[in-house]
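Asker: My questions are about this predicted structure, shown below with the sequence.
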Amino acid sequence: MPIYTKTGDTGSTSLFGGKRVLKCEELVHVYGSIDELNSWIGKVASDIDAPDVKTFLSSVQSDLFTIGSHLAGWDADLKDLPHRVKEMEERIDILDDKLPKLTNFILPGGSKLASDIHLARAVCRRVERQTVALGQKEKVDAKILIYLNRLSDLFFMLARFINHEAGIVEVVWQGIDRKTKKQ
């Protein structure tokens, strides 16, 4: 079967069940951003040496396919999302215990891997915002929003940890001087 169907050549796409919608609709933006996030996670996973983290990220990628499919109308089972959120929280706590406490905002960056993880975090935050917006128009399962929020938290901590392990010092945002309104 060829990859091209030509059915989207006029700017529409098909949801589960066959309903056609424009590719510029909010729902399509959400699952397009989920696809982008999934690709960033694949990039990050390809560069991480820890097998358990690779395996975990593969599970996250699978979850994201399930979430996107669910949003597109498939009767996907979301029952595993709370368990994965718990796993994320456990991983966040482990990483947090190994890192210096934050007292200021830090600039995203550091090593190439940490920078890629920060990009994944930023895309995850966009997916979360788009999903919240979608939820203003149609029902979105709360488990999805919790999952996305915790996933971005995990990426933040993982990026910090990668930099810490590499001996890269975090760059503290200097902020704005309240008196002069300058940085």
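Answerer: All right, it came through fine.

Asker: Show me where the protein dips below the pLDDT cut-off.
Answerer: Within the chain, the stretches with pLDDT under 70 are 1, 6-10, 12-24, 176-183.

Asker: name the element the most centrally placed residue in it belongs to?
Answerer: Residue closest to the mean C-alpha point of the chain, counted by C-alpha atoms, centre = their mean, is Cys124 at 2.8 Å. Assessed by DSSP states H and E, Cys124 sits inside helix 112-135.

Asker: From the chain's centroid, how far away is whichever helix or strand comes after that helix?
Answerer: Next along the chain after helix 112-135, taking DSSP H and E as the criterion, comes helix 142-165. From the chain centre to the centre of helix 142-165 is a distance of 8 Å (C-alpha atoms, centre = their mean, to the nearest Å).

Asker: what does stretch 86-95 give?
Answerer: Distance, centroid of stretch 86-95 to centroid of chain: 16 Å (C-alpha atoms, centre = their mean).

Asker: ok, the nearest residue to Val60 once chain neighbours are set aside to Met88 distance?
Answerer: Closest residue to Val60 apart from its sequence neighbours, by C-beta to C-beta, 6 or more residues apart in numbering: Ile41 at 6.0 Å. For every residue, glycine as well, the C-beta is placed using N, CA and C. Shown here: Ile41 relative to Met88, a distance of 13 Å by C-beta to C-beta, to the nearest Å.

Asker: that older thread, which positions in the helix holding Cys124 come out as buried?
Answerer: For helix 112-135, a neighbour-count test (16 or more other C-beta atoms under 10 Å) marks 113-114, 116-128, 130-131, 134 as buried.

Asker: And stretch 50-61, by the same measure?
Answerer: Those would be Phe56, Leu57, Val60, Gln61, for stretch 50-61 by 16+ other C-beta under 10 Å.

Asker: Save those residues as CSV, and put in distance to Leu107 and secondary structure too.
Answerer: Compiled in CSV, the buried residues of stretch 50-61 are given as follows (distance: C-beta to C-beta, whole Å; DSSP: H, G, I helix; E, B strand; the rest coil):
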residue, distance to Leu107, secondary structure
Phe56, 26, helix
Leu57, 24, helix
Val60, 25, helix
Gln61, 27, helix
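
Asker: on that earlier part again, please export the alpha-carbon coordinates of the helix holding Cys124; PDB is fine.
Answerer: Extracted C-alpha coordinates of helix 112-135, given in PDB (Å, rounded to 0.1, in the frame of the first residue of the first chain):
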ATOM      1  CA  LYS A 112      23.400  19.300  23.200                       C
ATOM      2  CA  LEU A 113      21.400  16.500  24.800                       C
ATOM      3  CA  ALA A 114      20.100  18.800  27.600                       C
ATOM      4  CA  SER A 115      19.200  21.400  25.000                       C
ATOM      5  CA  ASP A 116      17.300  18.900  23.000                       C
ATOM      6  CA  ILE A 117      15.400  17.800  26.200                       C
ATOM      7  CA  HIS A 118      14.600  21.500  26.800                       C
ATOM      8  CA  LEU A 119      13.200  21.700  23.300                       C
ATOM      9  CA  ALA A 120      11.100  18.600  24.000                       C
ATOM     10  CA  ARG A 121       9.900  20.300  27.200                       C
ATOM     11  CA  ALA A 122       8.900  23.400  25.300                       C
ATOM     12  CA  VAL A 123       7.000  21.400  22.700                       C
ATOM     13  CA  CYS A 124       5.300  19.500  25.500                       C
ATOM     14  CA  ARG A 125       4.200  22.700  27.100                       C
ATOM     15  CA  ARG A 126       2.700  23.800  23.700                       C
ATOM     16  CA  VAL A 127       0.900  20.500  23.400                       C
ATOM     17  CA  GLU A 128      -0.500  21.100  26.900                       C
ATOM     18  CA  ARG A 129      -1.700  24.600  26.000                       C
ATOM     19  CA  GLN A 130      -3.300  23.500  22.800                       C
ATOM     20  CA  THR A 131      -5.000  20.600  24.600                       C
ATOM     21  CA  VAL A 132      -6.400  23.000  27.200                       C
ATOM     22  CA  ALA A 133      -7.700  25.200  24.400                       C
ATOM     23  CA  LEU A 134      -9.300  22.200  22.700                       C
ATOM     24  CA  GLY A 135     -10.900  21.300  26.000                       C
END
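
Asker: Before I go, just wanted to say thanks for your time.
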